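Participant: Let me see the structure of the following:
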Amino acid sequence: MDFVSIRIITDDVARLVAFYERATGVRADWATEDFAELRTAHGTLAIGATRTVALFATGSARPADNRTVIIEFLVDDVDAAYRNLADAVPDFVTEPTTMPWGNRSLLFRDPDGNLVNFFTPVTPAAIAKFTY
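Facilitator: Numbering: from 1, shown residues only. Next up, the predicted model:
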């Protein structure tokens with residue numbers, strides 16, 4: 001088995017894709033006006049319109065209703081990412097903070113309220129964990 005992607009369901013695909021393109025610097029690949037993917041070397045963030053949920057099971061997912069998942073991105077410099085996003089992020093949860101496990105993290109919410117963590121390993125152990 002291989003983990004491939006996480007999908008966000010939203011009422012406004014274009015708005016959320018534009019936000020993530022700005023935040024990550026990754027251009028989205030659009031399949032239809034209802035579905036786009038931002039692909040990185042190790043995973044894909046898929047963004048789908050609410051109306052696509054019916055293709056799986058009507059009512060199985062609701063946009064802007066998540067309070068349990070954190071979408072995480074490894075970034076080169078979390079402090080630079082914070083400065084870059086200062087005018088684009090509607091809700092910073094925490095400014096860049098070094099965590100006990102060795103990552104410097106920036107926690108914020110996207111326009112739908114999904115929790116996002118940008119992090120940079122800063123201790124030798126954390127750096128080793130993310131050396132590919």
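
Participant: buried set for the helix or strand bottoming out on mean pLDDT in the chain?
Facilitator: Across the helices and strands of the chain, mean confidence by mean pLDDT, DSSP states H and E is lowest for helix 53-56: a mean of 80. Residues residue 53 are the ones in helix 53-56 that count as buried (16 or more other CB atoms under 10 Å). Any C-beta I mention is one placed from the backbone N, CA and C, and that applies to glycine too.

Participant: So which residues make contact with it?
Facilitator: 9, 59-61 (CB atoms under 8 Å, 6 or more residues apart in numbering).

Participant: residue closest to the middle of the chain?
Facilitator: residue 71 (4.5 Å; CA atoms, centre = their mean).

Participant: per-residue confidence for that residue?
Facilitator: Per-residue pLDDT puts residue 71 at 96.

Participant: quick one, what contacts it?
Facilitator: 6, 8, 45, 110, 114-117.

Participant: Now tabulate the contacts of helix 53-56 in JSON lines and tack on distance to residue 25.
Facilitator: Formatted as JSON lines, the contacts of helix 53-56 follow (distance: CB to CB, whole Å):
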{"residue": "9", "distance to residue 25": "24"}
{"residue": "59", "distance to residue 25": "35"}
{"residue": "60", "distance to residue 25": "32"}
{"residue": "61", "distance to residue 25": "27"}
